[in-house]
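Asks: Requesting a structural model of the entry that follows:
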Amino acid sequence: MAIVEIVEVADISDDALTRRETVLANGLRIVTEHVPTVRSVALGIWVKTGSRYEPADISGISHFLEHMAFKGTESRDKFEIALALESVGGMVNAMTSKDYTCFYARFLEEHLEIAVSLLTDILLKPTFPMEEMERERFVVLDELRDAQDIPDEVVFDAFESRIFPDSGLGRPVIGFEETIKNFTKGTLDDYRRTHYHPENMVVTASGYVDHDELVALFSHYFVDGTERLTNHFIDQLHPMTPGEAIETRPIQQSHVITGRRIFSLSDEKRWPLGVLNALLSGGMSSRLFQNIREAHGVAYAIYSFANLYRDTGVFGVYLATDPKNRNRALELIQNEFNKLAEAPVAEQELERVKAQYKSGIVMSEESMERRMFRLGRQLIYFDRTMDIDEYLGKIEAVNSADVQSLAQELFIPDMFFTMILEPANR
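Replies: Predicted coordinates for the structure are as follows:
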């Protein structure tokens, strides 16, 4: 058994749960939330790499590696990987984003060792069999082509490529057909050795989990003797050009996104942004739904969004509408922007929206998987965890002046870019 010194332990406790943190001597950081009212566990291993970390010529490698990790290890074939947790009623999965990759599992608390053994195996000892690579290449290409048949995904990809030109943020996580076809076993091995090492990972677990047991298991199973490469790719941001672009497809409706680049996730303005976004698009009572769909009937699907990253962000509004209503819908969206910039939000509406926003956060805490994801994202982006009361306090502190000031800063038409996907036969 490998013996790894525990070099840091911290406890954060309240009446409902105990949160503990340990950093192993190899640099692996482990954070747990023990929730005594459940009997299951959500466990994730987070790798601080995603599509932003990929040079353009290997775009999509993070996502492809995530797929291939499940296709065989030094001790398990792909069926044994699939069966390991499913045979005891659990599940294992993974996801890739712009900034991180997460391998995670859900299971009953008595199967903790099975989960740790499985996740560490697929992360540290994948073999990337050649025959499986060729098979999975076609699977991922099918996934890519499926997305190209979905108009809202096509318009989002086109929008992001203009908002973040020549950047990993502007490229789809899945990559491109030409890059996917060129991946080799050597490409995967090099990328894993560059990014998949303990100092570049965090472990989070929520549920009925014993912290000391989890630390002991990772001390035993997480032994990585791979010599690491050091050529970390640093993504560069380039200026965007406001304006408008139109592409056509054989579709029935116009799919439109109008938006702009904004501040990063570390900016304290993210709290009024969350409230502003909820005002516009927080539910059936939101302004976009009521004033554009309900009052004018020019769009069935419409919502605002805010995606924030470690060094930048993007805000926008998406809608799908009949082509003849497209310009009218954009005018109505601008009207809603102007209202928020020109007049303070009434206190009653603000309190209602904040209550809705906060309740969504509180209710999400009932899911162990969401709790585990929240911990992981906090560690990836902020290098710390945040109690739910701190979240709620930040939202409660937002006032009408904060929202109006942010609206005045953001809603400048000359700073917006509008991407339109139109029917080809219009």
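Asks: State the mean pLDDT of the helix or strand that contains L144.
Replies: Mapping L144 onto the secondary structure by DSSP states H and E places it in helix 130-148. Mean pLDDT, computed over helix 130-148, is 96.
Asks: Which elements pack onto it?
Replies: Contact partners of helix 130-148 among helices and strands, from 3 or more CB pairs under 8 Å, 6 or more residues apart in numbering; DSSP states H and E: helix 61-68, helix 151-163, helix 177-182, helix 185-195. Backbone N, C-alpha and C define where each C-beta goes, glycine included.
Asks: buried ones in it?
Replies: Neighbour counts over helix 130-148 (16 or more other CB atoms under 10 Å) mark E132, M133, E136, R137, V140, L144 as buried.
Asks: related to what we said a few turns ago, make JSON lines from the helices and strands packed on helix 130-148 and add mean neighbour count and distance to V317 to it.
Replies: JSON lines is the format used below for the helices and strands packed on helix 130-148 (neighbours: other CB atoms under 10 Å; distance: least, CB to CB, whole Å):
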{"stretch": "helix 61-68", "mean neighbour count": "24", "distance to V317": "27"}
{"stretch": "helix 151-163", "mean neighbour count": "19", "distance to V317": "11"}
{"stretch": "helix 177-182", "mean neighbour count": "15", "distance to V317": "30"}
{"stretch": "helix 185-195", "mean neighbour count": "17", "distance to V317": "34"}
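Asks: For the residue nearest the centre of the chain, give me phi and psi.
Replies: Centroid check for the chain by CA atoms, centre = their mean gives S97 as the closest residue, at 5.2 Å. Here the main-chain torsion angles of S97 (degrees, to the nearest 10) amount to phi -130, psi -170.
Asks: List the contacts of it.
Replies: Contacts of S97 were listed using CB atoms under 8 Å, 6 or more residues apart in numbering, and they are G50, S51, V173.
Asks: so what's the closest residue to the second one other than its chain neighbours scoring on pLDDT?
Replies: So the one you mean is S51. Spatial nearest neighbour of S51, chain neighbours left out: V173 (4.5 Å); criterion: CB to CB, 6 or more residues apart in numbering. Residue-level confidence at V173 comes out at 97, pLDDT.
Asks: Equivalent analysis for A2, please.
Replies: We note a pLDDT of 44 for A2 in this prediction.
Asks: Start at 56, not 1
Replies: Sure, I'll start counting at 56 from here, so that last one is A57.
Asks: residue ranges with poor pLDDT in this structure?
Replies: By pLDDT under 70, the low-scoring segments of the chain are 56-71, 280-282, 284-289, 481.
Asks: Test my guess that D469 contacts P297.
Replies: Yes. Applying CB atoms under 8 Å, one finds D469 in contact with P297, separated by 6.0 Å.
Asks: Those two - which one has more neighbours?
Replies: The residue with more neighbours, out of D469 and P297, is P297; 15 against 7, by other CB atoms under 10 Å.
Asks: Please report phi then psi for the more buried one.
Replies: As for P297, its main-chain torsions (degrees, to the nearest 10) stand at phi -60, psi 160.
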